[in-house]
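Enquirer: My questions are about this predicted structure, shown below with the sequence.
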Amino acid sequence: MVIDTFAERIERGQMRGGERLPSIRSAAQAFGVSKNTMVDAYERLVATGLIESRPGSGFYVSQRRAKAAVVPTPVAVDAVDSVWLLREQLEKRYAVRVGDGRPPPAWTEGSEVGRYLRPVNKPGQRTIPESYGSPYGLLPLRARLAGLLAERAITATPAQLLMTHGANDALDMIVRHFVEPGDAVLVDSPGYYPLFGKLRLAKARLVGVRRQADGPDPDDLAAQAAASGARLFFTQSLAHNPTGCSISLPVAYRVMRVATDHNLIIVDSDPFADVMPASQPRLAALDGLDRVIVVGTFAKTLSASLRSGYIAARADIAAALADLKMITRTNSSGYVEQIVHDLIVSGRYRGHVKRLAGRIREATHRAHETLARLGLSCLGEPSGGFYMWCELPAHIDDEELSRRAAERGILLAPGSAFHPGGNETRPAMRLNIAYLQDPRFEEFMQAQLRAPVETGKTPARKPRPQP
């Protein structure tokens, strides 16, 4: 009752953006409920994007609202082909469906499977996905994601959002759409090594852009773009994998200037968006999703096994990727998307990411203490994510170090794996803050750091072979 009352007032314009809601105490008295019930109601309204919380001040009607979702309707047919037929079976814009290739949902999902997989949206109300659903993904979830993006100053409609099977699935689709064999593609160096594998499968030519503590080096980005003729740049602005560092606002502005000057499309992964402050600099907020494509995921915040993510892009790019998704995957999982949507609108996801952010802060602090005891340091000031980039003494070979660690049951990620061309100048390793406190790691590293240099000189770093 409380949630519906405030939602109706806001939607009707009876409460305007920026207007302060009654205090928890006074609202609880007005509705005749407990303060705990009132807190839960406000938290769920925050989760829906209707209101926002301002610590120390109270709750206010949100001033940044996503644009309303538009339900697809039948349109003029330009071409009756296989892509059109697949799209219409997923979009379901036609009432009479004699040409559909699937049975009605009630024949399958609505019976046995639905008993176990239907998520609860509201107490006493259960819904199930409608067969395959739209190729863009579950509309209510895309509408809620548009609201979350609006909180980060990124304006997008649900038609600009495409649901995926996680971030790697999103990157794979983007590579398939944009990259032809032999194309030069710009990537962070160090950067996200699974992306390197996808690009090599596409027979692209990887060009590394030096990554610094405050983001990609704009001068190096400009130089590499000019020299290679590349038109695509993959990066991760915030809580970067593998360094853990985030882009600064001045660097973000310079990167966007380079993108304009060299006609670059930037693919910016943002897997930790929900645990990072909404005020953090984001390339898409500066660009308005013109040159920037955002890749998001719930793998880092909910579960790696819950394969759900999204792409936010210009409408024409989103449409082209939706067609590619239909041809290569048919669709993403409506059941998983219903579960994610339920977690968000119920407020449970918001509470979860608050706890997760606290864990990350504590683990980051303890990770710094561990490195200090080892006499090591990390690049920049990582925060908000799981990673640190630790440079090693010059006499240590990071690949050999990883092999020795593996013999003792310890997994280390050598820095050489994160450089697209194996052209790193100093050995390093990526560290996950969640596991850094294990005493076996510290004991192993202490022994390796004490070991004498066998040759008395720095070993040469061999370039990694390119497939």
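Expert: Nice, thanks for sending it over.
Enquirer: which residues in the stretch 51-200 of the chain form strands?
Expert: 51-54, 58-61, 120-122, 125-126, 161-164, 184-189 (DSSP state E, counting those that start in this stretch).
Enquirer: Let's have those in a markdown table, adding distance to residue 19 and mean neighbour count.
Expert: Where C-beta positions appear, they are placed from N, C-alpha and C, glycine not excepted. Conversion of the strands of the stretch 51-200 of the chain to a markdown table gives the following (distance: least, C-beta to C-beta, whole Å; neighbours: other C-beta atoms under 10 Å):
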| stretch | distance to residue 19 | mean neighbour count |
| --- | --- | --- |
| strand 51-54 | 9 | 17 |
| strand 58-61 | 5 | 18 |
| strand 120-122 | 26 | 13 |
| strand 125-126 | 29 | 10 |
| strand 161-164 | 28 | 27 |
| strand 184-189 | 43 | 24 |
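Enquirer: Need the residues that contact the helix or strand hosting residue 446.
Expert: Secondary structure from DSSP states H and E places residue 446 in helix 439-450. Defining contact as C-beta atoms under 8 Å, 6 or more residues apart in numbering, one finds that helix 439-450 is touched by 370, 373-376, 393, 396, 401, 404-405, 408-410, 435.
Enquirer: go again using 7 Å as the cut-off
Expert: In this structure, residues lying in contact with helix 439-450 by C-beta atoms under 7 Å, 6 or more residues apart in numbering are 370, 373, 374, 375, 393, 396, 401, 405, 408, 410.
Enquirer: what's around the fourth one, how many residues?
Expert: Neighbour count for residue 375, taken as other C-beta atoms under 10 Å: 10.
Enquirer: Switch the strands of the stretch 51-200 of the chain over to a markdown table, and while doing so, append mean pLDDT and distance to residue 291 to every line.
Expert: Formatted as a markdown table, the strands of the stretch 51-200 of the chain follow (pLDDT from 0 to 100; distance: least, C-beta to C-beta, whole Å):
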| stretch | mean pLDDT | distance to residue 291 |
| --- | --- | --- |
| strand 51-54 | 84 | 29 |
| strand 58-61 | 89 | 32 |
| strand 120-122 | 50 | 37 |
| strand 125-126 | 48 | 42 |
| strand 161-164 | 96 | 17 |
| strand 184-189 | 98 | 13 |
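Enquirer: Of those strands, give the one that comes closest to residue 257.
Expert: Proximity to residue 257 (C-beta to C-beta) singles out strand 184-189 among these, at 15.3 Å.
Enquirer: strands paired with that closest one, and their directions?
Expert: The strands beside strand 184-189 in its sheet (DSSP bridges) come out as strand 205-212 (parallel), strand 232-235 (parallel).
Enquirer: mind saving the C-alpha coords of the first one as CSV?
Expert: Extracted as CSV, the C-alpha positions of strand 205-212 are listed here (Å, rounded to 0.1, in the frame of the first residue of the first chain):
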residue,chain,number,x,y,z
ARG,A,205,45.4,-7.0,-35.3
LEU,A,206,45.6,-6.0,-31.7
VAL,A,207,47.2,-2.6,-30.9
GLY,A,208,47.9,-1.9,-27.2
VAL,A,209,47.2,1.5,-25.7
ARG,A,210,49.3,2.2,-22.6
ARG,A,211,47.1,2.1,-19.4
GLN,A,212,48.1,4.4,-16.6
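Enquirer: Can you work out which other helices and strands pack against the next helix or strand after that strand?
Expert: Note on strand 205-212: by DSSP H and E, the next helix or strand toward the C-terminus is strand 215-216. Other helices and strands packing on strand 215-216, by 3 or more C-beta pairs under 7 Å, 6 or more residues apart in numbering; DSSP states H and E, are helix 249-261.
Enquirer: residues making contact with the helix it packs on?
Expert: Where contact means C-beta under 7 Å, 6+ apart, the residues beyond helix 249-261 that reach it are 214-216, 218, 221-222, 225, 264, 266, 281, 283, 286-287, 291.
Enquirer: and of those residues, the nearest to residue 171?
Expert: Lowest distance from residue 171 to those (C-beta to C-beta) belongs to residue 266, with 13.2 Å.
Enquirer: other SSEs contacting the one helix or strand the closest one maps to?
Expert: Assigned by DSSP H and E, residue 266 belongs to strand 265-269. Contact partners of strand 265-269 among helices and strands, from 3+ C-beta pairs under 7 Å, 6+ apart: strand 232-235, helix 283-287, strand 292-297.
Enquirer: Point out the most buried one among the ones you listed.
Expert: Of all the helices and strands packed on strand 265-269, strand 292-297 has the most neighbours on average by mean count of other C-beta atoms under 10 Å, namely a mean of 26.
Enquirer: Packing partners of the helix or strand that that strand is followed by?
Expert: Where DSSP H and E defines the elements, the next helix or strand beyond strand 292-297 is strand 309-312. Secondary-structure packing of strand 309-312 (3+ C-beta pairs under 7 Å, 6+ apart): strand 161-164, helix 167-178, strand 292-297.
Enquirer: Quick check: which of those is nearest to residue 1?
Expert: Comparing these by C-beta to C-beta, strand 161-164 comes nearest, at 31.2 Å.
Enquirer: Low-confidence stretches in the chain?
Expert: Across the chain, the ranges flagged by pLDDT under 70 are 65-132, 422-425, 452-467.
Enquirer: Residue 195 contacts residue 172, doesn't it?
Expert: No: using C-beta atoms under 7 Å, residue 195 makes no contact with residue 172, being 9.3 Å away.
Enquirer: list the buried ones in the lengthiest helix in the chain?
Expert: With DSSP state H applied, the helix covering the greatest number of residues in the chain is identified as helix 348-374. With burial defined by 16 or more other C-beta atoms under 10 Å, the residues of helix 348-374 counted as buried are 349, 350, 353, 356, 357, 360, 363, 364, 367, 368, 370, 371.
Enquirer: Go ahead and confirm the third one touches residue 274.
Expert: Yes: Residue 353 lies in contact with residue 274 (C-beta under 7 Å); the separation is 4.7 Å.
Enquirer: tilt between the longest helix of the chain and helix 439-450?
Expert: Angle between the axes of helix 348-374 and helix 439-450 is 30 degrees (criterion: axes from the mean of the first three to the mean of the last three C-alpha atoms, to 10 degrees).
Enquirer: Mind giving me the packing neighbours of helix 348-374?
Expert: Under the contact criterion of 3+ C-beta pairs under 7 Å, 6+ apart, the helices and strands touching helix 348-374 comprise helix 35-48, helix 439-450.
Enquirer: can you list contacts of the first one?
Expert: In this case it means helix 35-48. Contacts of helix 35-48 with the rest of the structure, by C-beta under 7 Å, 6+ apart, involve 2-3, 6-7, 24-25, 27-28, 51-53, 59, 344-347, 349-351.
Enquirer: Same question for stretch 54-63.
Expert: Looking at what lies outside stretch 54-63 - C-beta under 7 Å, 6+ apart - the contacts are 10, 15-21, 23, 42, 49-53.
Enquirer: hey, C-alpha coordinates of it in PDB?
Expert: Once side chains and other backbone atoms are set aside, the C-alpha atoms of stretch 54-63 remain, and they are given as PDB (Å, rounded to 0.1, in the frame of the first residue of the first chain):
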ATOM      1  CA  ARG A  54      20.600  11.400   0.200                       C
ATOM      2  CA  PRO A  55      22.600  10.300   3.200                       C
ATOM      3  CA  GLY A  56      22.000  12.600   6.200                       C
ATOM      4  CA  SER A  57      19.200  14.400   4.400                       C
ATOM      5  CA  GLY A  58      16.400  11.900   3.600                       C
ATOM      6  CA  PHE A  59      14.600  10.600   0.600                       C
ATOM      7  CA  TYR A  60      13.600  12.700  -2.500                       C
ATOM      8  CA  VAL A  61      11.700  12.200  -5.700                       C
ATOM      9  CA  SER A  62      14.300  11.200  -8.300                       C
ATOM     10  CA  GLN A  63      15.100  14.000 -10.800                       C
END
